[in-house]
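S.K.: for reference, the sequence and a predicted model appear below.
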Amino acid sequence: MKITAIGADISINDVSCSHSLTKNIEKDIPKLVGIGAHSAALTNITGDDVVISAFVEDDLLEDINQEIVDILKNNAEDIGDIDGISEDPETAGEGISYSEAKVRQDRYPDAIIIAFDTYGGECFVESVANSCIDAASGMSGLTDICDKIGGKQKKIPGIGYVSNETDDPVVVATIENLEDVGVIASAMIGAACGNKNTYLVEKGTPANVIPGSVIFSATAFMNGNVIDLAVPFQERTRILK
């Protein structure tokens, strides 16, 4: 089994996602379960970007990815990132963001999804995302983590190619046990926050920051349930006096 996460900017503006956009996507999520996904959800809403994630058996990965892109395309207020997908790697443009990671067969499918958004395509977002991957890699309790952001054109199973340019990357990590979720998520969140001009936001928060900044949301996708980690992380990091 794997987790697959696909993010896209399909909003009509550059700051936020409308209530109608997210509601329409959520109405279509059951289609993924209908064609074989173990579970699926609109896991992250970050500025004007959305991420649909699903736990899926390996042999259904391409079908689920195709359906996720169809859901994004059918509900798009602006075709945006979807337009960058190509069957030819040479003509692929800036498109959807994609990450996947393995899930152990004898575990409940638990994962952490970190999704980023920028206002002006700030190039340092790639380094921010990769710092999250570096922070979690090798940790006790980690099952798997996605490939690093950047490099050559990315081939997305069942979809096609997108270029290595993205200003809204998605990072996923799968977790061994329930107790490991908080430890690994905190390492990833802390790594991201340690970068310049980078801010953790709650799910659905508009990009209300001074341009030149990166925002990110962090969710735990646990056996089909989505938990926004921004609120408990904020409470945990308050300095007691």
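M.R.: It's in. Residues are numbered from 1 along each chain as shown.
S.K.: mind listing what the residue nearest in space to the middle of the chain touches?
M.R.: For the chain, the residue nearest the mean C-alpha position is Val170 (3.7 Å; CA atoms, centre = their mean). Applying CB atoms under 8 Å, 6 or more residues apart in numbering, we find Val170 in contact with 5-7, 44, 51, 97-99, 113-116, 146. Every residue, glycine included, has its C-beta placed from N, CA and C.
S.K.: what about those residues, which are in strands?
M.R.: In strands, judged by DSSP state E, the following of those are found: Ala5, Ile6, Gly7, Asn44, Val51, Ser97, Tyr98, Ser99, Ile113, Ile114, Ala115, Phe116.
S.K.: quick one: the helices in this structure?
M.R.: Secondary structure of the chain, counting by DSSP state H: helices at 19-28, 30-34, 61-75, 125-136, 180-193, 230-236.
S.K.: where does the chain have low pLDDT?
M.R.: By pLDDT under 70, the low-scoring segments of the chain are 240-241.
S.K.: circling back to that earlier point, most neighbours per residue, which of the helices of the chain?
M.R.: Highest mean neighbour count among these (mean count of other CB atoms under 10 Å): helix 125-136, with a mean of 21.
S.K.: contacts for that one next, please.
M.R.: Helix 125-136 is contacted from outside by 112, 114, 116, 118, 142, 145-146, 148-150, 166-169, 171, 173, 184, 187-192, 194-195, 198, 214, 216, using CB under 8 Å, 6+ apart.
S.K.: could you check the angle helix 180-193 makes with it?
M.R.: Calculated by axes from the mean of the first three to the mean of the last three CA atoms, to 10 degrees, helix 125-136 forms an angle of 140 degrees with helix 180-193.
S.K.: return the distance of stretch 193-201 from the chain's centre.
M.R.: 16 Å (CA atoms, centre = their mean, to the nearest Å).
S.K.: span of it from start to end?
M.R.: One end of stretch 193-201 to the other measures 11 Å (CA to CA, to the nearest Å).
S.K.: can you point out the buried residues in it?
M.R.: If you call a residue buried by 16 or more other CB atoms under 10 Å, then stretch 193-201 has these buried ones: Asn195, Asn197, Thr198, Leu200, Val201.
S.K.: mind checking how far the second one is from Val15?
M.R.: It refers to Asn197. Distance, Asn197 to Val15, by CB to CB, to the nearest Å: 17 Å.
S.K.: now swap in the third one and tell me
M.R.: From Thr198 across to Val15, the span is 17 Å (CB to CB).
S.K.: please apply the same query to the last one.
M.R.: Distance, Val201 to Val15, using CB to CB: 12 Å.
S.K.: overlap of the contact sets of those two?
M.R.: Shared contacts of Val201 and Val15 (CB under 8 Å, 6+ apart): Gly47.
S.K.: if I pick Gln234, what's in contact with it?
M.R.: Gln234 makes contacts with Leu200, as judged by CB under 8 Å, 6+ apart.
S.K.: separation between it and Ala218?
M.R.: Distance from Gln234 to Ala218, by CB to CB: 11 Å.
S.K.: any residues in contact with both of those two?
M.R.: Each of Leu200 lies in contact with both Gln234 and Ala218 under the rule CB under 8 Å, 6+ apart.
S.K.: surely Gly150 meets Asn164?
M.R.: Yes - in terms of CB atoms under 8 Å, Gly150 counts as a neighbour of Asn164; the distance is 5.5 Å.
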